[in-house]
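S.K.: give me coordinates for this.
(one chain, ligands or ions: 1)
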Amino acid sequence: MRIALRPSNPWEWAAATLNLAPVVAAEAWGGMALSGVLVAAVRLGITDHLAGGPSTAAAVAAALHLDPPACRMILDCLHGTGHVHCRRGRYRLSRRSRRWLAPDSPFSVARFVAATDDYWPWWAGLAEVARTGQSFDHHGQAPDAPYWRRYLTGLSELARLAAPEVIARLRLPAGARTVLDIGGGHGWFAVQLCRRHAELAATVLDLPGAALVGRDLVAATGLADRVGYLAGDARVADLGGPYDQVLCFNLVHHLGADQVPALMRRAYEALAPGGRIAVLDAFTTGDPRTGGTRRPGAEAFLGLFVYLSSGATTHSVAQLHGWLREAGFDRPRQTRIRRIPGQTLHQAEKPAAEAG
Ligand SMILES: C[S@@+](CC[C@H](N)C(=O)[O-])C[C@H]1O[C@@H](n2cnc3c(N)ncnc32)[C@H](O)[C@@H]1O
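M.R.: Residues are numbered from 1 along each chain as shown. The predicted structure follows:
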């Protein structure tokens, strides 16, 4: 998937194709405007309000105690981007956007959208990070910082979308009973896995701030008796075990290329013979050691975003498979996850009988 501004008529398309329009100006200005309007509309409750039914701008502003001109202009921008329709002065959420933003939609990612508000200072600091190499450290926040709840409830919405496909593609060892979910945060994958396999119990290992929020989210699903938490840093914590299955979803991009191999080795040691590991993440398109040639898509932005926010970055599939093999795992295999573009699932097995 690519991130881009789209021309909206044949003239704009021709101008963009012939390089006659200053697309760079539109990207610089429009990228911020698109994000700013949408995130504000969700955070202010405008999209929630419209999900309840059509409304005039004045009525939305009055109900939400907003500045009427600003509220109307936000609604007009949302109309322009197709998130709302407007008829005789009454705005309503478009069917396409209702699916992703309405509070009662099972596909809602509204809390994820709202949580992206935390990212403004990081993007604003990009030039400084590029000069100094001093990234932000969003995982370094105090365990009781409100950030953790926004971060993890937002991510749990994406997990909710991906989980049915990811879990259907997981190949657990026969008779599996125990799962360790490293960096499992909100716990949604562990909960869904336990729901699907009645005999399973899961342990989620995550940083203390994430574990605090995750425990609450899991308790709300009613599965706290089968999904427990270990608060700790995956780079150094005792992983416990032996487990039948290890999950490591969207964590390795937060770890350096000097840290992932050791984690893979420790995961291997924490598994029972015949146990399996599943790593889900976005990976770069080319192996940096051999030089990738394909034009990068959104994963390049994710890699930079992760560098900006935590100092680590995305890795290549070749790197991951090399680290898994070095740790002792057999034949890593890749599966594409269609629900979340750019993500792939990698599974490998610890041999039932170790050689030697
Ligand atoms: C992008 S989220 C992924 C959450 C979940 N696994 C998923 O796929 O939706 C990354 C998770 O890794 C956790 N994390 C980051 N660094 C960690 C570390 N050093 N040790 C343990 N957990 C870590 C974060 O707190 C967060 O919950």
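S.K.: who's in contact with the closest residue to Leu308 other than its chain neighbours?
M.R.: Leaving aside its sequence neighbours, Leu308 sits nearest to Trp122 (CB to CB, 6 or more residues apart in numbering; 5.1 Å). Yep, even glycine has a C-beta here, placed from its N, CA and C like the rest. Contact analysis of Trp122 by CB atoms under 8 Å, 6 or more residues apart in numbering lists Phe136, His138, Phe305, Leu308, Ser309.
S.K.: which members of those occur in helices, if any?
M.R.: Judged by DSSP state H, helices contain the following of these: Phe305, Leu308, Ser309.
S.K.: for the last one, which residues are in contact?
M.R.: Translated: Ser309. Tyr119, Trp122, Ser135, Phe136, Asp137, His138.
S.K.: same question, the second one
M.R.: Shown in contact with Leu308 (CB under 8 Å, 6+ apart): Trp122, Trp123, Gly125, Leu126, Val129, Ser135, Phe136.
S.K.: neighbours of the residue of the chain found nearest the ligand, how many?
M.R.: Proximity of the chain to the ligand (CB to the nearest ligand atom) peaks at Gly185, 2.7 Å away. For Gly185, the neighbour count with other CB atoms under 10 Å is 28.
S.K.: how about the one 4 residues further on?
M.R.: Applying other CB under 10 Å, we find 28 other residues in the vicinity of Phe189.
S.K.: quick one on the thing from earlier: now pLDDT too, for the contacts of Leu308, in CSV please.
M.R.: Output for the contacts of Leu308, formatted as CSV (pLDDT from 0 to 100):
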residue, pLDDT
Trp122, 96
Trp123, 96
Gly125, 96
Leu126, 97
Val129, 97
Ser135, 95
Phe136, 95
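S.K.: which members of the residues you listed additionally contact the ligand?
M.R.: Among the contacts of Leu308, proximity to the ligand is found for none (CB under 6 Å from any ligand atom).
S.K.: which pair in the residues you listed spans the largest distance?
M.R.: Checking the contacts of Leu308 against each other with CB to CB, the farthest-apart pair comes out as Trp123 and Ser135, at 12.5 Å.
S.K.: can you give me the buried ones in the longest helix along the chain?
M.R.: If you go by DSSP H, the chain has its longest helix at helix 147-169. Applying a neighbour-count criterion of 16 or more other CB atoms under 10 Å, one finds 147-163, 165-167 buried in helix 147-169.
S.K.: who touches that helix?
M.R.: 106-116, 118, 138, 141, 185-186, 188-189, 192-193, 196, 209-210, 212-214, 217, 249-250, 280, 335, 337-340, 343, 345.
S.K.: quick check: what element follows the helix or strand of the chain with the lowest mean pLDDT along the chain?
M.R.: Of all helical and strand segments in the chain, the minimum by mean pLDDT, DSSP states H and E falls on helix 10-17, at a mean of 87. For helix 10-17, the following helix or strand on the C-terminal side (DSSP states H and E) is helix 23-43.
S.K.: got the CA coordinates for that following helix in PDB?
M.R.: What follows is helix 23-43, C-alpha atoms only, in PDB (Å, rounded to 0.1, in the frame of the first residue of the first chain):
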ATOM      1  CA  VAL A  23       2.600  18.200  -5.700                       C
ATOM      2  CA  VAL A  24       5.200  18.600  -3.000                       C
ATOM      3  CA  ALA A  25       3.300  21.600  -1.700                       C
ATOM      4  CA  ALA A  26       0.100  19.600  -1.600                       C
ATOM      5  CA  GLU A  27       1.900  16.700   0.200                       C
ATOM      6  CA  ALA A  28       3.500  19.000   2.800                       C
ATOM      7  CA  TRP A  29       0.400  21.000   3.500                       C
ATOM      8  CA  GLY A  30      -2.300  18.500   2.700                       C
ATOM      9  CA  GLY A  31      -0.900  15.600   4.700                       C
ATOM     10  CA  MET A  32      -1.100  17.600   7.900                       C
ATOM     11  CA  ALA A  33      -4.500  19.000   7.100                       C
ATOM     12  CA  LEU A  34      -6.000  15.600   6.300                       C
ATOM     13  CA  SER A  35      -4.700  14.100   9.500                       C
ATOM     14  CA  GLY A  36      -5.500  17.200  11.600                       C
ATOM     15  CA  VAL A  37      -9.200  17.300  10.500                       C
ATOM     16  CA  LEU A  38      -9.900  13.600  10.900                       C
ATOM     17  CA  VAL A  39      -8.200  13.200  14.200                       C
ATOM     18  CA  ALA A  40      -9.800  16.300  15.700                       C
ATOM     19  CA  ALA A  41     -13.200  15.200  14.400                       C
ATOM     20  CA  VAL A  42     -12.900  11.900  16.200                       C
ATOM     21  CA  ARG A  43     -11.400  13.300  19.400                       C
END
